[in-house]
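S.K.: below are the sequence and a predicted model for it; my questions follow.
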Amino acid sequence: MKLERKIIVNCGVSHVSASVFSQGEDEILTLLESGVETLRYDYSDDNLWLDAVVEGLGKLTAKLNLKGEAYMVLPGS
């Protein structure tokens, strides 16, 4: 049975998280690992959000050794 890795990245207003799932031929997802980074920026300035997300993603990428395609969840705001 071939396992396929799925990376889900959730970019919130105050945090960014990443979860790595495996998906087999039975299409059942199994959580392999996950991590979260708190975004540190002035929340009153929306223009600073993207830089904070990039920094948080950099830390998560190193911590979880993330590589490949990812599904992104962005905040509604």
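M.R.: Nice, thanks for sending it over. Numbering: from 1, shown residues only.
S.K.: going by C-alpha atoms from here, please, whenever you check contacts or count neighbours.
M.R.: OK.
S.K.: okay, now the unreliable bits of this structure?
M.R.: 1-2 (pLDDT under 70).
S.K.: where exactly do the strands run in it?
M.R.: 4-11, 15-23, 29-38, 71-73 (DSSP state E).
S.K.: can you tell which of those strands is closest to L50?
M.R.: Nearest of these to L50, taken as CA to CA: strand 4-11 at 9.6 Å.
S.K.: give me the buried positions along the closest one.
M.R.: Neighbour-count burial for strand 4-11 flags R5, K6, I7, I8, V9, N10, C11 (criterion: 16 or more other CA atoms under 10 Å).
S.K.: chain neighbours aside, what residue packs nearest to the fifth one?
M.R.: In this case it means V9. Of all residues not flanking V9 in the chain, A18 sits nearest, at 4.4 Å (CA to CA, 6 or more residues apart in numbering).
S.K.: beta partners of the one you found?
M.R.: V9, G35 (DSSP bridges).
S.K.: sorry, back to before: dump the strands of the chain to TSV, plus distance to E55.
M.R.: Below are these laid out as TSV (distance: least, CA to CA, whole Å):
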stretch	distance to E55
strand 4-11	12
strand 15-23	10
strand 29-38	9
strand 71-73	16
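S.K.: next, count neighbours for the residue nearest to V9.
M.R.: A18 is flanked by 23 other residues according to other CA atoms under 10 Å.
S.K.: I'd say it and G12 touch.
M.R.: No - assessed by CA atoms under 8 Å, A18 is found out of contact with G12, at 11.2 Å.
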